[in-house]
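Chemist: Here's my sequence, what's the structure:
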Amino acid sequence: MAVNIGFGGNPLATIFTFKGIFGVPISHGQYRLLEPHYINNQVFAVGAVLTEGVELPEGWIPTLAVDPLNNDAVKAFYAAGPRGIAYEDLAQWARATPQDGPQLTTRAVTFWIKQGGFYKLTGLGADPVAFPPIGGPG
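Modeler: Here you go, the predicted structure:
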């Protein structure tokens, strides 16, 4: 959709927006929080679903304590990588159950797992062609 804003009286100044029906963005990463997050001076609780471009800034780099809910989120989660942290840290959110504590009430579907010297995604990121394993033997 193109909207002519007439910037400075110039009728050629045009802004292009890529919005779907009712002004909802066609695609932005959407994440469910697995632990509380402090983003843009606001605290979001466990289980909150946040959308990039709404509650999250554009280009937000997801933490390991989120569950990506759509393809854009999985792409960003994959691009951020496992970040060289301990396997136990990566798997913590996947194993989370309500009995693990008050903050761990949401179980992840998409998370990093370690196999040999490689890290790979599960859930929505399980496609080895779109999201090949990261790392190497060792």
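Chemist: How are the helices of this structure distributed by residue range?
Modeler: 71-80, 87-95 (DSSP state H).
Chemist: Surely I134 is in contact with G116?
Modeler: No: the criterion here is C-beta atoms under 8 Å, and I134 misses it with G116 at 11.9 Å. The way it works is simple: take the backbone N, C-alpha and C, and place the C-beta from them, glycine included.
Chemist: So these two - more neighbours on which side?
Modeler: The neighbour comparison of I134 against G116 (other C-beta atoms under 10 Å) goes to I134, with 14 against 10.
Chemist: Can you tell me, leaving aside adjacent residues, what's nearest to the more buried one?
Modeler: Y119 (5.0 Å; C-beta to C-beta, 6 or more residues apart in numbering).
Chemist: Number of residues surrounding A80?
Modeler: A80: 15 neighbours (other C-beta under 10 Å).
Chemist: rewinding a little: the residue nearest to I134: neighbour count?
Modeler: The burial count for Y119: 18, using other C-beta under 10 Å.
Chemist: same check, this time on V129
Modeler: V129 has 5 nearby residues by other C-beta under 10 Å.
Chemist: Over to N40?
Modeler: Quick note: N40 (other C-beta under 10 Å) scores 9 neighbours.
Chemist: Which residue, other than its chain neighbours, is closest to it?
Modeler: P57 (6.7 Å).
Chemist: ok, that neighbour touching L50?
Modeler: No: between P57 and L50 there is no contact under C-beta under 8 Å: 10.6 Å.
Chemist: Look at these two and report which has more neighbours.
Modeler: In terms of neighbours (other C-beta under 10 Å), L50 is the more surrounded of P57 and L50; the figures are 21 against 11.
Chemist: who's the residue nearest to I134 bridged to?
Modeler: K114, I134 (DSSP bridges).
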